[in-house]
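Visitor: Whatever this is, show me its structure:
(4 chains)
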Number of protein chains: 2
Amino acid sequence: MVGVTGPIRVVVVDDDPLVRGMLTLMLDGADGITVVGEAADGGQALTAVERHAPDVVLMDIRMPNVSGITATERLRRRPRPPEIIVLTTFDTDEHVVRALWAGASGFLLKDTPPEQISQAVRNVAAGAPILSPSVTRRLMQQVASGGESYEQALARLAPLTARERDVVLAIAQGRSNAEIAADLLMSVTTVKAHVSHILTKLDLTNRTQIALLAHDARLV
Amino acid sequence: MVGVTGPIRVVVVDDDPLVRGMLTLMLDGADGITVVGEAADGGQALTAVERHAPDVVLMDIRMPNVSGITATERLRRRPRPPEIIVLTTFDTDEHVVRALWAGASGFLLKDTPPEQISQAVRNVAAGAPILSPSVTRRLMQQVASGGESYEQALARLAPLTARERDVVLAIAQGRSNAEIAADLLMSVTTVKAHVSHILTKLDLTNRTQIALLAHDARLV
DNA sequence: CCGGGCCGTGACCGGTGGCACCGGCGACCG
DNA sequence: CGGTCGCCGGTGCCACCGGTCACGGCCCGG
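Guide: So this is what the prediction gives:
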């Protein structure tokens, strides 16, 4: 990104000295990568990053004192933050979401083969995001299933007329009939009629159900 | 997956003969990959797959007659479907979602370097999903932002009492006050009171707004 | 003992939805 | 070309649902 000229500078953070050693060993020998520092918990990670200004941080999640998540959050708040790859043993949704939310650029399982880890470091340093295959699969499934309901919801909205769709959109914002009437320049009774038609066409009973359906169809 | 013993058998599908040639050229030489067939549109893709029973299909989206999306859908419905990598020039959300929904195992941009394409073919054949970095970045951002609004919505629901949360949950399903009363074993009047309290506490005006907020908080 | 939440209830009223109807517009047809 | 048929948008009237108000019982902590 900002032109990393020399070797990629890496800091390894893990509470287990053995894991730290393994990671350092496998990375320090790899092409174009130098391990410039290690840390055993989130607090040490902060100081290590301050001292060594690395390009990439390999961060364990489960650590004593300051967890990898909060350490990631704080690191990403720094002026020129390092890219952070979160390393963990389990890929629970909880972990993944929190890591991504904290600003991690990568999420790898610890059983990833060494070659792929060093490759991931290079990719992340170049600005590309990295996810473990299992995590990628989850995200894809999530998107796919979401897309499915989205398509279904859109299909149900098909028989509506243009004006009725306008009303649906307004209802999906939580607006009252009076507000809708004002916005669409028609009488309140007309709005009611439209709502009534929509309800029968979509086989619903409440306006809230209309709002929810519209939300599923991504008409927010 | 099911033990691909010999070289990985690939079918290349693209309406542009030049692109087909390039892909075949770069893949057929690569380690452990054989291009066993080519096709110029979705229809030909189906017959080609039937004839050659490939492990992986490289599929263009924009093609005359049958598009890559529908071809992917049909291929995935076959008894032992090939893994499908969708190749496209643009990574619009529309394309990505439709491809994933259709059952693609990979989504690559056409400007991906040859080495990575052959690597992607190997990965997909091994059962691992593959996404272009830009697509991965989007999915990550989506998850991250989704998590954010999720947290915010959950925070707003904090001041509610247990009973009120029950009512919120029911409203989020689009249920009427009478139904809620029946389910929670209380009078309709009481339900209304709870709704009223919820509205004031959350600073809302409609029950639909309650439903939408609950949806943002993933209480579906 | 009493004040303050929380839950529950009945009476009142505005907003919401069901129904019947009308004017306008395009399609189809003799 | 005129008739007519169907659909869409719009309206008024009425029943009912949904929301506010005021009140009482309960439990807990001061």
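
Visitor: What parts of chain A come near DNA strand C?
Guide: A:176-178, A:188-189, A:192-193, A:195-196, A:199-200, A:205-207 (Cβ under 7 Å from any atom of the strand). From N, CA and C alone the C-beta is placed, and that goes for glycine too.

Visitor: if you set the cut-off to 10 Å instead, what comes out?
Guide: Neighbours of DNA strand C within chain A, by Cβ under 10 Å from any atom of the strand: A:167, A:171, A:174-181, A:188-200, A:204-211.

Visitor: Now, of these, which are buried?
Guide: Buried residues within those, counting neighbours by 16 or more other Cβ atoms under 10 Å in any protein chain shown: A:167, A:171, A:174-177, A:179-181, A:190-191, A:194-195, A:198, A:204, A:206-211.

Visitor: Quick one: name whatever helix or strand follows the worst-scoring helix or strand of chain A on mean pLDDT.
Guide: Least confident helix or strand, chain A: helix A:133-156 with a mean of 84, by mean pLDDT, DSSP states H and E. Next in sequence after helix A:133-156, counting helices and strands by DSSP states H and E, comes helix A:162-171.

Visitor: List the buried residues for the host helix or strand of A:Leu27?
Guide: Applying DSSP H and E as the criterion places A:Leu27 in helix A:17-28. Neighbour counts over helix A:17-28 (16+ other Cβ under 10 Å) mark A:Arg20, A:Leu23, A:Thr24, A:Met26, A:Leu27 as buried.

Visitor: Format these as CSV; extra columns: distance to A:Gln116 and pLDDT.
Guide: CSV is the format used below for these (distance: Cβ to Cβ, whole Å; pLDDT from 0 to 100):
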residue, distance to A:Gln116, pLDDT
A:Arg20, 19, 94
A:Leu23, 13, 93
A:Thr24, 17, 94
A:Met26, 11, 91
A:Leu27, 12, 92
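
Visitor: Pull the contacting residues for A:Leu184.
Guide: A:Arg163, A:Asp166, A:Val167, A:Ala170, A:Val191 (Cβ atoms under 8 Å, 6 or more residues apart in numbering or on different chains).

Visitor: Please repeat the previous calculation with a cut-off of 6 Å.
Guide: The contact partners of A:Leu184, taken as Cβ atoms under 6 Å, 6 or more residues apart in numbering or on different chains, are A:Asp166.

Visitor: before we move on, what about A:Leu46?
Guide: Not one residue lies near A:Leu46 by Cβ under 6 Å, 6+ apart.

Visitor: helix or strand right after the one helix or strand it maps to?
Guide: Assigned by DSSP H and E, A:Leu46 falls within helix A:42-52. Remark: after helix A:42-52, the chain's next helix or strand is strand A:56-60, criterion DSSP H and E.

Visitor: Show me what that following strand pairs with in its sheet, parallel or antiparallel.
Guide: strand A:8-13 (parallel), strand A:83-88 (parallel) (DSSP bridges).

Visitor: B:Asp41 is nearest to which of those?
Guide: With respect to B:Asp41, and counting by Cβ to Cβ, the nearest of the strands paired with strand A:56-60 is strand A:83-88 at 41.2 Å.

Visitor: got the angle between the closest one and helix A:42-52?
Guide: 150 degrees (axes from the mean of the first three to the mean of the last three Cα atoms, to 10 degrees).

Visitor: picking that back up, could you dump the strands paired with strand A:56-60 into CSV with distance to B:Ala45 added?
Guide: Formatted as CSV, those follow (distance: least, Cβ to Cβ, whole Å):
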stretch, distance to B:Ala45
strand A:8-13, 41
strand A:83-88, 38
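
Visitor: Mind putting those strands into a markdown table with mean pLDDT and mean neighbour count?
Guide: Output for those, formatted as a markdown table (pLDDT from 0 to 100; neighbours: other Cβ atoms under 10 Å in any protein chain shown):
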| stretch | mean pLDDT | mean neighbour count |
| --- | --- | --- |
| strand A:8-13 | 95 | 26 |
| strand A:83-88 | 94 | 25 |
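
Visitor: nearest to DNA strand D, of those?
Guide: Among those, the nearest to DNA strand D by Cβ to the nearest atom of the strand is strand A:83-88 (40.3 Å).

Visitor: how distant is that closest one from the center of its chain?
Guide: 14 Å (Cα atoms, centre = their mean, to the nearest Å).
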